[in-house]
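>>> Just a sequence and a predicted model for now, questions to come.
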Amino acid sequence: MARIIGGLTTSHVPAIGGAIARGLQQEPYWKPFFDGFLPVHAWLEEVKPDVAVVFYNDHGLNFFLDKMPTFAVGAAPEYRNSDEGWGIPTLPPIPGEVDLSWHVIEQLVARDFDVTTCQEMLVDHAFTIPLKLFWPKSCPVKTVPICINTVQFPLPSARRCYQLGQAVGEAIRSWDSDKRVVVIGTGGLSHQLDGERAGFINKPFDLKFMDSLVSDPEWATQYSIHELVEKTGTQGVELLMWLATRGAVPGFVRKVHTNYHIPISNTAAGMMALECLD
Amino acid sequence: MARIIGGLTTSHVPAIGGAIARGLQQEPYWKPFFDGFLPVHAWLEEVKPDVAVVFYNDHGLNFFLDKMPTFAVGAAPEYRNSDEGWGIPTLPPIPGEVDLSWHVIEQLVARDFDVTTCQEMLVDHAFTIPLKLFWPKSCPVKTVPICINTVQFPLPSARRCYQLGQAVGEAIRSWDSDKRVVVIGTGGLSHQLDGERAGFINKPFDLKFMDSLVSDPEWATQYSIHELVEKTGTQGVELLMWLATRGAVPGFVRKVHTNYHIPISNTAAGMMALECLD
Amino acid sequence: MNQPRPIFGTTIFDGSQARKGYALNRMCFSFNDAANRAAFKADEEGYMRSYALNEQQSAAVRGRDVLGLLAAGGNVYYLAKFAGILGLDVQDLGAQQTGMSKEEFKARLVRQNDQPAATAG
Amino acid sequence: MNQPRPIFGTTIFDGSQARKGYALNRMCFSFNDAANRAAFKADEEGYMRSYALNEQQSAAVRGRDVLGLLAAGGNVYYLAKFAGILGLDVQDLGAQQTGMSKEEFKARLVRQNDQPAATAG
Ligand SMILES: [Fe+3]
Ligand SMILES: [Fe+3]
């Protein structure tokens, strides 16, 4: 059976893509952010995952309001990045792990998750940038993208996202394969782009949330979506991806490294690497 | 609060659309089928629903395998019919009841149904033909379409579809409106178009299933999707729409009228009208 | 995984069928549009190439071979649109797949009426 | 229905916002495509008409008025693509919406670092 080696979470601000393309990693603005990934590179070099299951949210590239899924699971041989409208560079296609996609889909539907299956799927910066951050040279993993709706309210509850993660984790560990799987969650942490509250950041909440993912993973499921928007901003609610990721990584974890930096763009940029001890 | 006045179920064979367009209702082949609707017309004339919530399955008009939802809920001001590829006449747009759509979506997501929301949606013969059968002159109801996947396996279980129906029923009855709502389910009954078993029909199962919807509505939820395909054919599994409909119509029902006729096209054509006694 | 027992003459359109048939089903889905149906009729081979059908799929399309299309990953909901182009109804398809004449197939459908209303417990 | 308490300066993109903003968001979604961005730039009024924007939406587009676009039903994920056309980044948008200069807005972001790591229980 496949093994879950750990979970990785990071913010996915589009500007990061521009910084990577222009090689700004050592500039004073960017260094505290990019340096946070160095210990994780060393760890990934050591544990060598084969597959990444990636929880992310689409920002209006693949999904529009005509067909907006709560949960969408990719089942494509490759995932293409594409023009999102603001000229950040388009990255080459990322290979899919289709066997695992269908195994996950079978298991999720059997557990009453009403997923949308996507046998063709454009992936945006929320999917591609984290892969670039964790593997700057070239991406060694095949992927299964899982998209959680953060665009159209009602959003799935924090508890439901955590349970989705748990079901995905169980599916991975029942996958008949000797592959090593890492789970990735991208988005957040606290930020808000729209409205008079634009620029809102909640450092105490973010740090408490990051702590909770290590030792008390269900902590954030006590909050309603409305409360999460209030506490973390309209886009801070993307932390649902982190919660699903921790749901998928079972039991006790070791903190490999974490980083938290304010601001990148309008965002509190967080990063965690957790090793699965189960 | 809105009231559920009952449930209507019918097969939705495309050829029916051709027969209506050519006025063949009194031809010997078609008469036993169309006559089954006459008592229901009288009943609808009397109970006068304002809104229809329609469980149906898309046949490759609005959804393709790139974005295939398990459950999709329409939230559009109108639903357009369109060319499905075999030249049956295209019907005029059908108005949506958008207030109820969003109320249903809010309630479903709150109850952990991971729906796909569709603010624009083409509807095929499975949606349009039943409306023509129940209201041959002109359609007096506004609608909320709810599409259940029968194309791409895994399909949602019979039990999950029944529970979806129950949640939709609860949502309707908590809708702040004085409207009278009828729930419609279209598809089935037993038939299979593809493979060496094409032409398969299971009359004993169909009749037992129709009986169960009156007095033992959860009866069919004992079966897995694989068992339902075995018992009713690859397209017979569309009976999931009937099951969701009965889930939405609460408690005791009175049989207004039922009809069962073999064959229309390759299909055992069934029809039921159930009045809600709750 | 415990696979459920096979059902005679029945292919479940699961993930493995879907992977096999994606190009074919994508082509058939395009037939919702009359212009695409006309383009196919005008140049079948070119149209199939533009959807990157594999040889098994192309051969089944050329042969109007319904069982072959299913074996190549075709899904009945999309294949129906191809049948529409050919002017075939579901009884034509049923007859072809069961090796009957259309009249025989239709007669068999009518005979299904003779099934008892209930099976013995 | 019990509505949750409003959040200052925050619009929840729920069904009622979505209904109001559909045409505007549909137009902004089209800006994923470079050809559509060019078409908009070449003829803003014609492009807005082709997406059937209402007067409130058109006025907010003309005025590059982010709060007006939100009030007209715009969703930030789609509006970001319109901002891209204008060459505005998220800090330009933040500054405009909060009535600050961009430098003030950026300074405020940096100051958010001074928040305590934990709040008193
Ligand atoms: Fe984001
Ligand atoms: Fe059907």
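Thanks, I have the structure now. Ligands and ions are numbered 1, 2, ... in the order given.

>>> what residues are up against residue C:52?
By Cβ atoms under 8 Å, 6 or more residues apart in numbering or on different chains, the contact set of residue C:52 is residue C:23. Using the backbone N, CA and C atoms, a C-beta is placed for each residue, glycine as well.

>>> host element of it?
For residue C:52, there is no host helix or strand (DSSP states H and E).

>>> Could you give the bridge partners of residue A:81?
According to DSSP bridges, the residues that bridge with residue A:81 are residue A:123.

>>> quick one: it and residue A:122 touch, right?
Yes. At 7.1 Å, residue A:81 and residue A:122 qualify as touching, with contact defined as Cβ atoms under 8 Å.

>>> Could you chop chain C up by domain?
Domain ranges of chain C: C:15-86, C:89-121, per automatic domain parsing.

>>> so where is chain C shaky, pLDDT-wise?
By pLDDT under 70, the weakly predicted segments of chain C are C:1-2, C:119-121.

>>> List, one by one, the residues from it near chain A.
Within chain C, the positions adjacent to chain A are C:1, C:14, C:15, C:16, C:18, C:19, C:22 by Cβ under 8 Å from any Cβ of the partner chain.

>>> Within reach of chain B, which of those residues are there?
By Cβ under 8 Å from any Cβ, the members of these lying near chain B are C:14, C:15, C:18, C:22.

>>> Now, those residues that are in helices?
With helices identified by DSSP state H, the entries of these that belong to them are C:15, C:18, C:22.

>>> which of those lies closest to chain D?
Nearest to chain D, judged by Cβ to the nearest Cβ, of these is residue C:22 at 23.3 Å.

>>> residues from chain A in reach of chain C?
Applying Cβ under 8 Å from any Cβ, we find that chain A lies next to chain C at A:75, A:77, A:98, A:101, A:102, A:105, A:106, A:119, A:120, A:176.

>>> How many neighbouring residues does the second one have?
Pointing back at residue A:77 there. Using other Cβ atoms under 10 Å in any protein chain shown, residue A:77 has 15 neighbouring residues.

>>> thought it was touching residue A:96?
Yes. Under the criterion of Cβ under 8 Å, residue A:77 makes contact with residue A:96 at 5.3 Å.

>>> where do the contact lists of those two overlap?
Joint contacts of residue A:77 and residue A:96 (Cβ under 8 Å, 6+ apart) do not exist.

>>> follow-up on the earlier one: narrow the ones next to chain B among the residues of chain C next to chain A to those that are buried.
Among these, those buried by neighbour count (16 or more other Cβ atoms under 10 Å in any protein chain shown) are C:15, C:18, C:22.

>>> The first one against residue A:102, yeah?
Read that as residue C:15. Yes. The pair residue C:15 / residue A:102 is scored as a contact, 3.3 Å apart, by Cβ under 8 Å.

>>> shared neighbours, those two?
Counting by Cβ under 8 Å, 6+ apart, the common neighbours of residue C:15 and residue A:102 are residue A:75.

>>> and chain B, which of the residues of chain A next to chain C contact it?
Applying Cβ under 8 Å from any Cβ to the residues of chain A next to chain C, one finds that A:105, A:106, A:119, A:120 fall near chain B.

>>> What confidence value was assigned to the first one?
What that stands for is residue A:105. If you check residue A:105, the pLDDT there is 98.

>>> picking up where we left off before, show me which of the residues of chain C next to chain A is closest to chain A.
Chain A lies nearest to residue C:15 out of those, by Cβ to the nearest Cβ, at 3.3 Å.

>>> I'd like to check which residues are in contact with that closest one.
Taking Cβ under 8 Å, 6+ apart, we find residue C:15 in contact with A:75, A:98, A:101, A:102, A:105, A:106, B:153.

>>> so residue C:54 makes contact with residue C:73?
No. With contact taken as Cβ under 8 Å, residue C:54 and residue C:73 are classed as non-touching, separated by 9.1 Å.

>>> These two: which is more packed in?
Taking other Cβ under 10 Å, residue C:54 and residue C:73 do not tie; residue C:73 has more neighbours (22 against 14).

>>> how about the more buried one, what does it touch?
So residue C:73 contacts C:17, C:18, C:19, C:20, C:21, C:22, C:24, C:25, C:57 (Cβ under 8 Å, 6+ apart).
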